[in-house]
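Student: generate coordinates for the sequence data below:
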Amino acid sequence: MNEGIIETALREAFEAKTQLVEDWQFLVGCEVDVCMGRQLLRTGVIDAATVDGGIVWISRQGVQERRLLTRADGYDLWITKLDNQRVLARRDDG
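Tutor: This next block holds a predicted model:
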């Protein structure tokens with residue numbers, strides 16, 4: 001089977017259950033998938049975010065250390081669609 005077809009199918013399955021987050025400000029407490037381009041780098045929980053939403057800290061998980069992530073470095077954060085509804089509610093309440 002063609003690797004391009006497999007990659008496309010996996011990406012479509014990923015996007016069907018997750019959503020790219022544009023505003024990182026309200027992600028504290030949410031589990032995210034950290035990607036750069038099409039590559040999944042890690043999964044973890046956001047434990048802090050700047051007021052402008054440009055920087056977040058992802059908590060330590062297993063052997064992976066706590067890490068600062070910035071939008072300027074090209075990271076994308078993906079969350080489940082259910083968690084995204086919660087994030088939108090927090091944003092609308094704030």
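
Student: just give me the longest strand of the chain.
Tutor: Using DSSP state E to assign secondary structure, the strand with the most residues in the chain is strand 39-49.

Student: ok, and what's touching the next helix or strand after it?
Tutor: Using DSSP states H and E, the next helix or strand after strand 39-49 towards the C-terminus is strand 55-58. With CB atoms under 8 Å, 6 or more residues apart in numbering as the contact definition, strand 55-58 has outside contacts at 24, 27, 32, 34, 42, 44-50, 66-71, 77. C-betas here are computed from N, CA, C, even on glycine.

Student: can I have the buried ones of the residues you listed as a PyMOL selection?
Tutor: The following PyMOL line selects those of the contacts of strand 55-58 that are buried, judged by 16 or more other CB atoms under 10 Å:
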select buried, resi 24+27+32+34+44+46+49+67+69+77
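
Student: where along this protein do the helices fall?
Tutor: 3-17, 81-93 (DSSP state H).

Student: worst average pLDDT in those?
Tutor: The minimum mean pLDDT among these belongs to helix 3-17 (a mean of 66).

Student: re earlier: please save the CA atoms from the longest strand of the chain in CSV.
Tutor: What follows is strand 39-49, C-alpha atoms only, in CSV (Å, rounded to 0.1, in the frame of the first residue of the first chain):
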residue,chain,number,x,y,z
GLN,A,39,5.0,15.4,13.3
LEU,A,40,3.6,14.5,16.7
LEU,A,41,6.3,15.4,19.3
ARG,A,42,4.7,14.6,22.6
THR,A,43,1.5,14.6,24.6
GLY,A,44,1.0,16.3,27.9
VAL,A,45,-1.0,18.6,30.2
ILE,A,46,-0.6,22.4,30.0
ASP,A,47,0.1,23.7,33.5
ALA,A,48,0.7,27.4,32.8
ALA,A,49,0.0,29.9,30.0
